[in-house]
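> Sequence first, predicted model second:
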Number of protein chains: 2
Amino acid sequence: LNGTRKIVIIGCSTAGTMAAIQARKTDRNAEIWIISREKYPEYSLCGLPYVVSGIIKDFKSLIVHPIDFYEKTLRVNLMLNTEALSINTSEKSVLVKDLITGEEKKLKYDSLVLATGAKPASLPIKGIYKQGVFSIRTISDVESLLLHLKNLSSKLIVIVGAGLIGMEMAESLSIKGYEVLIVEILQEILPAMLDPDMASIVHKKAEEKGIKILTGTSLEEIIGDEKVEAVMIKGKKIPTETVIVAARVNPEVELAKKAGISIGEMGGIKVNEYLQTSIENIYAAGDCIETFDLISKKSFPIQLATTAARQGIIAGANAAGDLKKYPGSTGVATTKLFGLEIATAGITSSLATKLGIKSTSIRTTALTKAHYYPEAKPITTKLIADIKSKRIIGAQFIGEEGASLRANLVALAIRANIELSELELLETCYAPPVSPLWDPLSIAAQALSKKLSSMIE
Amino acid sequence: LNGTRKIVIIGCSTAGTMAAIQARKTDRNAEIWIISREKYPEYSLCGLPYVVSGIIKDFKSLIVHPIDFYEKTLRVNLMLNTEALSINTSEKSVLVKDLITGEEKKLKYDSLVLATGAKPASLPIKGIYKQGVFSIRTISDVESLLLHLKNLSSKLIVIVGAGLIGMEMAESLSIKGYEVLIVEILQEILPAMLDPDMASIVHKKAEEKGIKILTGTSLEEIIGDEKVEAVMIKGKKIPTETVIVAARVNPEVELAKKAGISIGEMGGIKVNEYLQTSIENIYAAGDCIETFDLISKKSFPIQLATTAARQGIIAGANAAGDLKKYPGSTGVATTKLFGLEIATAGITSSLATKLGIKSTSIRTTALTKAHYYPEAKPITTKLIADIKSKRIIGAQFIGEEGASLRANLVALAIRANIELSELELLETCYAPPVSPLWDPLSIAAQALSKKLSSMIE
């Protein structure tokens, strides 16, 4: 490298921002650019439903760092409202366009970080481009939705997709007094996080709160002239003015593809353990890449802020001359819905089956504190083991408290290759007002171990 | 072994009961005896303060299993109110005495489990045997205390010792309207769990709640004729009718010593990794033994229900013919005091110094949920690393929530020999209403790592 290192980062969400922070820590003198189509720098996508419910006051609260942090603390050239049009990998330059002035210019780089994120999959639903159909991926999306909600005559909102964001938005809209109907094509809600037997606990709670859920069902058509007037579900016409599409998101890889960067089988940018793409000096991180999964030893898009943040650090460090390895992911995710904390680590039984892993599982319910202590709450644990290796490959927790921190522990146990027998006798804190003598996780591990031995006999 | 295996277990608290359960699982035909001086089978010692406060209704709620469980489910000969007088190791017999009838008899064993627990150290305080001085180790102790409290004219209660049980009892008595004065000989409260910088957070909160604490101070004398009338502290006479001794407990090893079983340097029964004592066929578990500590690689009494339960399982299994190893302890403990959840894993900085381990530490405060989410609570984390190995050797957490489960995670990380750099980027669940993008533990690990690298430069 001759002279000052030039680093260009495309995308200013979690991965892009973390990449910039780490690049600056690694190289104090580098020139760093961040390019983003959006009008705001990094904000919490995961916080959007809580602005809708009013639990969080405004969109500004979701912005992680003020612009000054980028410009003064990080000494980064932050180019918001700017689109990266193309990458010239032989010249090592990015052509960018100011979306307000229309002005185009070329930025030269020594290393490039792609943190382009993901975009909602375009669903093959007739009428999906009508007014009244909303994505909820960005602040702009949700701003448009909120504006639309001000002038509704029908209180019914149809949500397509019962994943995390769909369910969170359903609860938020329900809190605001809307009637919510969720349509999920798969057999149960929250399919990426939970197996159907666990998801049904949340499903039931949602219905108790008045939310209608149709699983195994697709939205057949959106009806109306320019605006949404009704939807067709199972041949029935249901009047509504609002459809929220919260179905899956796909890695945003067009820019990479056009530049000749390899895309993996699962649709994300392919990276090695240094998060380097197929082209030298181009790194990638976050929702746009395929992440190495420690359980299946396969790579696929995980698309969590958790992984985006950690990958951003690795990509930013390496773009600035370091040689850090990304250790791979075990997949941990959590949410809170209808008073239940829900968390998952590793893979579900359903995914294990898809991946060709023979697994078995157990479901137990135990208390989060000593049984005689009045504030003890039940927590339901599902533990999944690979029958062959007898190792834990996944865990799911649902309870009023303590789900996410237990999922973190299981994730670490998977990462550290801890045996099931060790989890059975795991040394855990005990005090009646805080936790039981045997943690619910150990109780589940004991039951799973018993089941596994009976299978061998 | 010829014929039916005879297993005698001395002690019916956590270790003794778990030993019986596991012995029965391991050998369906064994004859099993449990001998206990007490009138109740296993009950939660840790629950006693909450009966005093009234949060738990009665002592009976603390009893873990009904007598029927022992006699019918486990098919154990449960001998309560019975003292083990001596062990004849060549004859393989225990001489026991019924404390009600005075009758003595001999029990033959093939294997023996010592789960004799611990007893309050006898403190060299003048006047300590007067009426009005109480231990709080057993239900009987606390029953006597409660009876005494009914006829008090002075509302002031003096507690000697600011360890876990002393502090928990202080809060309970304060809830019931008593004035509490705690006298602690060491420089800060909770010395086994916390370093002084962390303990001072709890100390301050206790004082805000009206509890008086004198640290670095000893009780010089207990004054009165037969009954307590006053105490002398720093040469000052303070009138009171009640002194609670909650100072350290010592392993109960007299029976073992008399039988020629080796006692360790720290005063507990010496055991190997199978929890076998120096005499074949005699195992020991719980508060009476020295536990192998994974950090210092030394053995000392840990005296937690957590370790007692796990050791009971190992000792019970091996007494019934199995060959299970006890994996050693990392020491995890928790409590809740004055609205604060307090937890520790590994060793304190103070203990590291005593053990000759050069350590450094960091203290950080971070939020338990996304910073913009209204229910986010601060949690203070202290992380301690061995300077040479750069590994975590201890962690302390204080906050309104999430302390104990984080201590469990650190304990697992220590056990699995996880590097500090892995904790920095630890994959943890994220959702605004549940947990932040960077767990407070990772934030502390990042700060500690920075401190360690600056020490090397």
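Cool, got the structure.
> hey, let's count contacts and neighbours off CA atoms from now on
Fine.
> Give me the phi and psi angles of the residue most central in space within chain A.
In chain A, the C-alpha nearest the mean C-alpha coordinate belongs to A:L304, at 2.9 Å (Cα atoms, centre = their mean). Dihedral angles of A:L304 (phi, psi; degrees, to the nearest 10) stand at phi -120, psi 150.
> need the contact list for A:L114.
A:9-11, A:16, A:256, A:282-285, A:288 (Cα atoms under 8 Å, 6 or more residues apart in numbering or on different chains).
> one step back: tell me which residues touch the residue nearest to the centre of chain A, please.
Shown in contact with A:L304 (Cα under 8 Å, 6+ apart): A:286-287, A:333.
> A:T277 too?
With Cα under 8 Å, 6+ apart as the criterion, the residues that contact A:T277 are A:261-262, A:269-271, A:283-284.
> In strands, which of those residues fall?
Using DSSP state E, the members of these that fall in strands are A:283-284.
> In ChimeraX, select just the buried ones from the contacts of A:T277.
Of the contacts of A:T277, the buried ones go into a single ChimeraX selection, burial set by 16 or more other Cα atoms under 10 Å in any protein chain shown:
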select /A:261,262,269,270,271,283,284
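> Could you pull out the strands in the stretch 101-250 of chain A for me?
Residue ranges of the strands in the stretch 101-250 of chain A, as given by DSSP state E, counting those that start in this stretch, are A:104-108, A:111-114, A:118-120, A:133-135, A:156-160, A:179-184, A:212-215, A:219-223, A:230-233, A:236-239, A:242-245, A:249-251.
> what residues does the last one touch?
By that I understand strand A:249-251. Counting by Cα under 8 Å, 6+ apart, strand A:249-251 makes contact with A:116-121, A:267-269, A:287-289, A:301, all of which sit outside it.
> Give me the buried subset of these.
Buried positions within these, assessed by neighbour count (16+ other Cα under 10 Å), are A:116-120, A:267-269, A:287-289, A:301.
> Look at the nearest residue to A:T116 once chain neighbours are set aside and report its pLDDT.
Nearest in space to A:T116, with sequence neighbours left out and distances taken as Cα to Cα, 6 or more residues apart in numbering or on different chains, is A:G11 at 4.9 Å. A:G11 is assigned a predicted lDDT (pLDDT) of 98.
> Based on its surroundings, how many neighbours for A:G11?
Look at A:G11: counted by other Cα atoms under 10 Å in any protein chain shown, it has 29 neighbours.
> near chain B, which residues of the stretch 1-150 of chain A show up?
Counting by Cα under 8 Å from any Cα of the partner chain, the stretch 1-150 of chain A comes close to chain B at A:46-47, A:55-56, A:61-62.
> how far does the longest helix belonging to chain A sit from the chain's center?
Ranked by number of residues, the top helix in chain A under DSSP state H is helix A:440-456. Helix A:440-456 has its C-alpha centroid displaced from the chain centroid by 30 Å (Cα atoms, centre = their mean, to the nearest Å).
> do the same with stretch A:188-205
That offset, for stretch A:188-205, works out to 17 Å (Cα atoms, centre = their mean).
> does chain B sit close to that stretch?
No - Stretch A:188-205 is not in contact with chain B by Cα under 8 Å from any Cα; minimum separation 11.7 Å.
> Report the buried residues of that stretch.
Buried residues in stretch A:188-205 (16+ other Cα under 10 Å): A:188-196, A:198-199, A:202-203.
> in chain A, which ranges drop under the pLDDT threshold?
Regions of chain A meeting the criterion pLDDT under 70 cover residues A:1, A:456-457.
> And the helices in it?
For chain A, helices defined by DSSP H occupy the ranges A:14-26, A:48-53, A:67-68, A:139-149, A:164-175, A:196-208, A:254-258, A:305-319, A:349-354, A:403-415, A:420-424, A:440-456.
> May I see these organised as JSON lines, with distance to B:R391 added?
Conversion of the helices of chain A to JSON lines gives the following (distance: least, Cα to Cα, whole Å):
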{"stretch": "helix A:14-26", "distance to B:R391": "23"}
{"stretch": "helix A:48-53", "distance to B:R391": "39"}
{"stretch": "helix A:67-68", "distance to B:R391": "36"}
{"stretch": "helix A:139-149", "distance to B:R391": "42"}
{"stretch": "helix A:164-175", "distance to B:R391": "37"}
{"stretch": "helix A:196-208", "distance to B:R391": "37"}
{"stretch": "helix A:254-258", "distance to B:R391": "40"}
{"stretch": "helix A:305-319", "distance to B:R391": "21"}
{"stretch": "helix A:349-354", "distance to B:R391": "34"}
{"stretch": "helix A:403-415", "distance to B:R391": "16"}
{"stretch": "helix A:420-424", "distance to B:R391": "21"}
{"stretch": "helix A:440-456", "distance to B:R391": "26"}
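> which one of these is the most hemmed in?
Ranked by mean neighbour count, the helices of chain A are led by helix A:305-319 with a mean of 28 (mean count of other Cα atoms under 10 Å in any protein chain shown).
> which residues does A:V94 contact?
Under the criterion of Cα under 8 Å, 6+ apart, the contact partners of A:V94 comprise A:84-88, A:106-109.
> gap between it and B:L85?
For A:V94, the distance to B:L85 equals 86 Å [Cα to Cα, to the nearest Å].
> Same question for A:A319.
In this structure, A:A319 and B:L85 are 73 Å apart, going by Cα to Cα.
> these two touch, right, A:A170 and A:I211?
Yes - in this structure, A:A170 is within contact of A:I211 by Cα atoms under 8 Å, at 7.5 Å.
> okay, and the common contacts of the two?
Counting by Cα under 8 Å, 6+ apart, the shared contacts of A:A170 and A:I211 are A:180, A:182.
> Name the residue of the stretch 201-350 of chain A with the shortest distance to chain B.
Nearest residue of the stretch 201-350 of chain A to chain B: A:A333, at 4.7 Å (Cα to the nearest Cα).
> residue in the stretch 101-250 of chain A nearest to chain B?
Using Cα to the nearest Cα, A:L164 is the residue of the stretch 101-250 of chain A that sits closest to chain B, at 10.0 Å.
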